[in-house]
Each structure stands twice: as C-alpha cells, then as structure tokens.
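*Asks:* quick one, structure for this:
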Amino acid sequence: MFQGVIKFATWCTFLMYVSTAVVPSNFPKCHIADPKINECLMRNSDMVISYLEEGIPEMNIPSLREFKIPKSEVGYASGEANFKMTLTNTTLYGLHDLKLQNFNFNPKKLSFSGTALFKQITMITHFHVNGKLMPVTINTGGDLETVLEPSTGSLYVTGELVTTKGKEHFEPKNVTVDIKVPGCKVHISGAFDGNKELEQLANKIINDNNREILKELLPSVNKVAEGVLSQMTKAIASTIPVEELFEFST
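*Replies:* Purely as a prediction, here's the structure:
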C-alpha cells in the first residue's frame with residue numbers, strides 16, 4: 001500500500017544534491033574543502049527543492065507536485081495479515097512540500113546522510129489485493145486514497161569514486177533507509193463488487209489499525225526502498241561527474 005510513497009520520498013533527499021549538475025551555472029555550489037560544507041549544503045537545499053518542485057527535464061525528472069508511478073507491488077505475511085497488493089496508475093501529491101532537517105557529507109569517507117520531513121503526502125491509485133487482512137479474506141480491486149501524516153525519510157549512503165571517460169563519478173555501494181510514518185488515513189472505494197458493507201468494514205479495519213499495519217509494513221518497505229534507491233542513485237550519479245557537483249578551485 002505504501003511502497004510507492006516510500007520509494008519516492010526517500011529518493012527526494014538524494015536528488016536535492018545530485019540535481020545541482022543541471023541547474024543554471026550561477027547556482028551556488030559548495031567547495032569540497034570547506035570545513036563548513038554541510039552548512040553550505042543546508043543553505044542551498046531550499047533552492048534545490050524549488051527546482052525539484054517544477055521538475056528537471058534535462059534529467060528526466062518530472063515535477064514532484066504530481067508524481068506518477070505506472071505500477072508497483074507490495075506483499076506482506078505475518079500474523080493475521082497475509083496479502084499481495086498491486087498498485088497501478090498511482091499519483092503522489094505533496095512530495096515537493098519537504099524540509100531538509102539535517103544533512104552530513106563526509107568527502108573523505110565518501111558518505112552522506114540526511115533526514116527530510118514531508119508535511120503531507122497523498123496517494124491516489126487503483127489497486128488489486130489478494131489475501132487476508134485481519135479477519136477478512138479479500139480478493140478484490142478498486143480505488144484507493146491514502147493520506148500520510150507528517151513523515152520523515154532518512155538515508156545513509158556510502159560509495160566510492162570511479163572514473164568514466166576520464167571523469168570521476170560517485171558510485172554508491174551501500175544504501176540504508178529508515179522511514180517513519182506515524183499514521184495515515186485510508187479510503188477504499190469501488191471494491192468488493194459493489195458490496196458497501198464489506199467496503200465500509202475494510203475501511204474501518206484498516207483505519208482503526210493503521211499504526212499497527214504501518215509498524216509491521218515499514219521494515220520490509222525499507223528494504224525495497226534501499227534496493228530502488230541504490231539503482232536510482234547509480235543511474236543518476238553515473239551521468240554527473242563529481243566536478244560538476246562541487247567547487248574544487250584552490
């Protein structure tokens with residue numbers, strides 16, 4: 001249910017820094033040897049977020065105001081919950097409304113970490129689910145709207161420098177993600193072959209137990225996010241030399 005939201009929420013924190021390679025030449029860059037480089041990166045974060053809000057066509061990054069995901073899947077099996085859900089034609093609203101809470105870049109260790117706060121993310125999608133959720137056995141599809149409470153996405157990335165076509169690029173080796181979503185509001189419609197009683201029951205069960213469901217789902221979603229984020233950072237970083245991300249002049 002929450003896989004699409006989590007994948008792109010964690011992605012945003014990294015993109016705030018790699019995207020500087022395609023912004024105008026007068027965009028302020030931080031000097032790689034600046035002892036206060038993290039303060040510089042924090043000062044620049046709001047400006048970079050504004051670029052992400054509208055999208056960056058040069059990097060095929062669409063606007064974060066309405067982020068579309070063609071298809072995603074999430075599965076879970078534990079206790080009274082055992083199901084697989086497929087989401088199609090998903091649109092995420094609110095990914096642009098974030099605030100970077102902290103950021104730490106270590107040039108010597110080639111690592112960075114950061115945490116971003118997302119005020120509210122709304123996901124509208126079509127779903128199909130098959131399995132068991134609490135006491136209800138379900139095999140149905142319909143429309144799903146999920147509104148997440150203020151959430152945080154943290155990540156820690158380590159990597160190494162590789163040379164491609166004579167230029168150094170950052171290549172991530174390890175990615176760790178920690179997502180914290182305190183709660184959500186879910187509304188299912190058009191499901192259970194029009195049986196409104198079952199639809200109301202499903203909505204009640206999910207919303208009454210949303211914190212417990214989130215608590216159980218997030219560890220597996222974090223693992224999915226780590227794999228997706230690793231692939232994305234490799235794809236993006238491979239196109240942007242390190243010399244375009246920072247100032248190196250003496």
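*Asks:* quick one, helices of this structure?
*Replies:* For the chain, helices defined by DSSP state H occupy the ranges 3-18, 37-54, 196-208, 210-237.
*Asks:* confidence-wise, which of those is weakest overall?
*Replies:* Comparing mean pLDDT across the helices of the chain, the weakest is helix 3-18, with a mean of 41.
*Asks:* close enough to count as contact, F248 and K29?
*Replies:* No - contact criterion CB atoms under 8 Å: F248 and K29 do not qualify, at 9.7 Å. Every residue, glycine included, has its C-beta placed from N, CA and C.
*Asks:* who has more neighbours out of those two?
*Replies:* Taking other CB atoms under 10 Å, F248 and K29 do not tie; K29 has more neighbours (18 against 11).
*Asks:* now F127, nearest residue through space, not along the chain?
*Replies:* Leaving aside its chain neighbours, F127 sits nearest to L144 (4.7 Å; criterion: CB to CB, 6 or more residues apart in numbering).
*Asks:* residues contacting that neighbour?
*Replies:* Neighbour list for L144: 1, 87, 123-127, 186-189 [criterion: CB atoms under 8 Å, 6 or more residues apart in numbering].
*Asks:* what about it, distance to S72?
*Replies:* Going from L144 to S72 by CB to CB, to the nearest Å gives 12 Å.
*Asks:* next, show the common contact partners of these two.
*Replies:* Taking CB under 8 Å, 6+ apart as the criterion, L144 and S72 both touch L87.
*Asks:* pLDDT weak spots in the chain?
*Replies:* The chain contains residues with pLDDT under 70 at 1-28, 56-62, 78-80, 133-136, 220-221, 224-225, 228-229, 231-232, 235-236, 250.
*Asks:* quick one, what contacts the closest residue to P107 other than its chain neighbours?
*Replies:* Ranked by CB to CB, 6+ apart and with sequence neighbours excluded, the top spatial neighbour of P107 is I32, at 5.6 Å. If you count contacts by CB under 8 Å, 6+ apart, I32 has them with 107, 246-248.
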